[in-house]
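*Asks:* starting from these lines, generate the structure:
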Amino acid sequence: MNSTGHRGATEHGVPETAATRSGRLTVYFGAAPGVGKTYAMLDEAHRRQDRGTDVVVGFVETHGRAGTAAQLDGLEVVPRRTITYQDREFTELDIDEVLRRAPRVAMIDELAHTNVPGSRHEKRWQDVEELLEAGIDVVTTVNVQHLESLNDDVHAITGVRQRETVPDRVVRDADQIQLIDLPPQALRRRLAHGNVYRAEQIDASLSAYFRVGNLTALRELALLWLADRVDDALTTYRRDERIETPWPARERIVVAVTGGPEGETLLRRGARIAQRASGSELIAVHVLATDGLPSAPPAAIAAQRALVESLGGVFDTVIGEDVASAVVDFARAVNATMIVVGVSRRSRLREALSESYGVEVARLAQNIDVHLMTHEGARSGRRSGARAAPLSGWRTGAGWVLGLGGTALLTAVLYLLRETLGLPTDIVLFLALTVAVALVGGRWPSLVSAVVGFLALNFFFTPPTGRLTIADPENALALAVFLFVAIAVASVVDLAGRRTAQAFRARAEASALAAVSRSVLSGQDTAQAIVDRLGETFTLTSVSLLERSSGDRGPWTALATSGEHPAMDPEAAQTVVSIDEHRVLALCGRVLPASDRRVLEAFASQAGVVLEQRKLRAQADEARALQQTEATRNTLLAAVSHDLRTPLAMIRTAVDGLASTDVELGPEDSEFLVSTISTGASRLERLIDNLLDLSRVQTGSVRPMLQSVSLDEIVPLATEGFDIDSLAVDVPESLPLVRTDPGMLERVLANVISNAVRHSPSGTPVRVSASPVGGEVVVRIADTGHGLADDAKGHMFEPFQRLGDSSPDGLGLGLAVAQGLAIAVGATLTAEDTPGGGLTIVLAVPVAEDHVS
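*Replies:* Numbers count the residues shown, from 1 in each chain. Next comes the predicted model:
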């Protein structure tokens, strides 16, 4: 399977060069290590080279696989760059050499790789983007577990947290994605034959990460993610080609909800339908109608929105003149394959008089399947949450039929009864007919009915009959009153209809604004919540919140955008609403009617308040950070004023004693003074190291170099310098390797052990033990001191926390530094009580990927 994009396209007849085009990115995408991505990438390099293309290998990691290494024969390999980090040498992609060589295509392995500190970019995908900008095509590889959006899913499946990830958009925007697929059993056979890992790693890998269940789940993740990418390409194609007919390439179930009690039933059944086909989507839509549809209680809509999200679907709200048409238009826009609606709650009599909502959806849907579902309230006779417009098209038509046909029929009946009924009765009956026409069809059918009735009364029932003249003035007055009352009734009914539409329009606008307020109060980014709600409420393709800070001629910058291809300048938008002199809302997709301007202005006012709140919040955060910095500085100065002077005074006194000529010192005295100097220097060294480490942690300048190491190599280094009787170490050599930075983890352990030794009673050793638990190796440092109260445990890892420690040594920085370094290497540090008294620090370090158990 492959997916193709359009990066780097040129005009017809203009040849592409590195100076005129962006490079094209091809990604070989796999579900797990060992499926053959690198081999396939190098095979593609040979094919292109045979066709005369200038190809180089920028970086390839063979992992000791003979078949992969053999593929490098005959290909030009760019020398790697050597970087020294923590007294060790590492090799990385030499991006400058690739740029200097300027090939047409560069093969670069492992897109998600984290570069060694000292490289130009932190991540290899950033190196690749620089090469693409230089016009060099890049072919690369990546596994599904390295995609940022799937990190939690992969961790739930395999128990391994991936530390090296790549943003989805880097892979999603590739010009071509080639899936390298291999069934789980075939991959396990390849692993068993030694074609993936070394012999000593095979058994552990087969029983851990490469279990059939893990590989099957990862394979499904890869296929579904790639299917999403293909679906995006299909949507783009349909939009560009103006194809409105849905293509059933993927199951999308749209459930229409009104906020009524049947909504939960419809949503759950819709979710079950979606689950029948892997990769299906569930979308709920609620129409805020402007044609008389009563708005549902906000609490009911909020509950149904939460239910949809818990079922893995999305909830959209749209405004429509007609509910059924709005649902069908929305379904076409999202390329839905099925619409789920509930059976009408109206009685059979009402259904016989007018078409039900579900039947109207089915009639309009055409080639979209419509699933009518029963529920407890079906045909119960209760008033439906959706009813027809007060003056909809069918009612107007019915009014004309009733006005003309009913007048003719009534005239015929009364003419037959002319000997029995008098003119007053005839006038009352014609007036009743006019009122009925006004109630059904509105102003114009009732006006015509009134005029036709007036003429019929005059011609057939008012003496002299058969002529349009009136002999009796009293009859003339009665007919005039009849005409006046008929016209008045028609006008009142029409006005009531328009007022009703306005009222429901106002209710729809209020519901939309309330939805924005709920988004803001729920903690979402408020500016983003506003543009998202605008886009879905008015069915817009894109909405942009733009700001210009440097006068009327400055460039516009986007504060928040929603939808595809948002306008980055007000002149590119179809509708622009001003927030203030520096900010506007730019809307694309359709020109909105004037009736929508009021709610748009309300959105704009809300946006202005939101931006002001964001500014104030940022200022408050800045002030809080400055306050914390000032407090830290004052605490540091107060602590250093004591703890720095003490060792300095010790050193100064000892040096003065050694330099003094007034007193002759013996060997023991000299040795004591030298020991005092050494002790004071050691205390100063620890103090300065902790201060420097804390500064690095707080400024975010810690750059760990993660690698697979054994804890039984790190723990002995961390326990050096402690009295042998003060520790009881139990770290088996059989522990799995951990993924960490050895130097930083050593500092973490040394600080924690030092803290435990200082608080443990004399003669009672601190116990240091380690054991594997799930996907981690847990190290426990247990002392038998006084321990800490539960509320104090929450503050023990903060800087300058002594928590009752009265010893003159230290500033209370050791555990704060340990916590910061632990987080930097992906470990966790927690505290719990030691059984029998004391405190136990628990350090959990992730197991290396190739040693997951």
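
*Asks:* mind giving me the packing neighbours of the helix or strand where Thr68 lies?
*Replies:* Thr68 belongs to helix 66-70 when assigned by DSSP states H and E. Using 3 or more C-beta pairs under 8 Å, 6 or more residues apart in numbering; DSSP states H and E as the contact definition, the elements that helix 66-70 packs against are helix 37-50. (C-beta placed from N, C-alpha, C; glycine too.)

*Asks:* which elements pack onto the helix it packs on?
*Replies:* By 3+ C-beta pairs under 8 Å, 6+ apart, helix 37-50 packs against strand 25-30, strand 55-59, helix 66-70, strand 105-108, strand 137-143, strand 176-180.

*Asks:* quick one: average confidence on the helix or strand that comes right after the helix holding Thr68?
*Replies:* The helix or strand immediately downstream of helix 66-70 is strand 76-77, counting by DSSP H and E. Mean pLDDT, computed over strand 76-77, is 93.

*Asks:* repeat for stretch 262-273
*Replies:* In this model, stretch 262-273 has a mean pLDDT of 86.

*Asks:* what comes up buried for it?
*Replies:* Within stretch 262-273, the residues that count as buried by 16 or more other C-beta atoms under 10 Å are Glu262, Gly263, Glu264, Thr265, Leu266, Leu267, Arg269, Gly270, Ala271, Ile273.

*Asks:* sitting in helices, which of these do you find?
*Replies:* The members of the buried residues of stretch 262-273 that map onto helices under DSSP state H are Gly263, Glu264, Thr265, Leu266, Leu267, Arg269, Gly270, Ala271, Ile273.

*Asks:* and the gap between the last one and Arg739?
*Replies:* Meaning Ile273. For Ile273, the distance to Arg739 equals 43 Å [C-beta to C-beta, to the nearest Å].

*Asks:* all strands of the stretch 501-650 of the chain, in order?
*Replies:* 542-547, 557-563, 575-578, 583-588 (DSSP state E, counting those that start in this stretch).

*Asks:* Val655 contacts Ile677, doesn't it?
*Replies:* Yes - contact criterion C-beta atoms under 8 Å: Val655 and Ile677 qualify, at 6.7 Å.

*Asks:* when the two are compared, which one has more neighbours?
*Replies:* When Val655 and Ile677 are compared on other C-beta atoms under 10 Å, the one with more neighbours turns out to be Ile677, at 19 against 15.

*Asks:* rewinding a little: and the helices and strands packed on helix 37-50, which one is worst for confidence?
*Replies:* Between the helices and strands packed on helix 37-50, the one with the least mean pLDDT is helix 66-70; it has a mean of 86.

*Asks:* show me what contacts Ala271?
*Replies:* Leu282, Leu311, Gly312, Gly313 (C-beta atoms under 8 Å, 6 or more residues apart in numbering).

*Asks:* quick check, pLDDT for the third one.
*Replies:* When you say that, I think you mean Gly312. On the pLDDT scale, Gly312 gets 83.

*Asks:* immediately after the helix or strand of the chain with the lowest mean pLDDT, which helix or strand?
*Replies:* Every helix and strand in the chain was compared by mean pLDDT, DSSP states H and E; the lowest is helix 348-353, with a mean of 52. Toward the C-terminal end, the helix or strand that comes next after helix 348-353 (DSSP H and E) is helix 357-365.

*Asks:* low-confidence ranges, the stretch 751-853 of the chain, go.
*Replies:* Scanning the stretch 751-853 of the chain for pLDDT under 70 picks out the ranges 791, 794-795, 798-814, 850-853.

*Asks:* hmm, try it at 50
*Replies:* 802-811, 853 (pLDDT under 50).

*Asks:* strands of that one, start to end?
*Replies:* 766-773, 776-782, 828-833, 839-846.

*Asks:* mind putting the ones you listed in JSON lines, mean neighbour count included?
*Replies:* Formatted as JSON lines, the strands of the stretch 751-853 of the chain follow (neighbours: other C-beta atoms under 10 Å):
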{"stretch": "strand 766-773", "mean neighbour count": "18"}
{"stretch": "strand 776-782", "mean neighbour count": "22"}
{"stretch": "strand 828-833", "mean neighbour count": "16"}
{"stretch": "strand 839-846", "mean neighbour count": "22"}
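
*Asks:* among these, which is nearest Pro704?
*Replies:* Proximity to Pro704 (C-beta to C-beta) singles out strand 839-846 among the strands of the stretch 751-853 of the chain, at 12.1 Å.

*Asks:* neighbouring contacts of that closest one?
*Replies:* Residues outside strand 839-846 that contact it (C-beta under 8 Å, 6+ apart) are 160-161, 163, 711, 738-740, 745, 748-749, 752, 755-756, 759, 773, 775-783, 785, 787-788, 822, 825-834.

*Asks:* quick one: the residue nearest the centre of the chain and Trp394, what's the gap?
*Replies:* Nearest to the geometric centre of the chain sits Ser149, at 8.5 Å (C-alpha atoms, centre = their mean). With distances taken as C-beta to C-beta, Ser149 is found 48 Å from Trp394.

*Asks:* can I get the CA coordinates of the helix or strand containing Glu97 in CSV?
*Replies:* Following DSSP H and E, one finds Glu97 within helix 95-101. Extracted C-alpha coordinates of helix 95-101, given in CSV (Å, rounded to 0.1, in the frame of the first residue of the first chain):
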residue,chain,number,x,y,z
ILE,A,95,24.1,17.3,6.9
ASP,A,96,26.6,19.8,5.7
GLU,A,97,28.4,17.2,3.6
VAL,A,98,25.1,16.1,2.1
LEU,A,99,24.3,19.7,1.2
ARG,A,100,27.7,20.2,-0.3
ARG,A,101,27.4,17.0,-2.3
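
*Asks:* give me the nearest residue to Gly64, chain neighbours excluded.
*Replies:* Once flanking residues are discounted, Gly64 sits nearest to Arg198: 6.6 Å by C-beta to C-beta, 6 or more residues apart in numbering.
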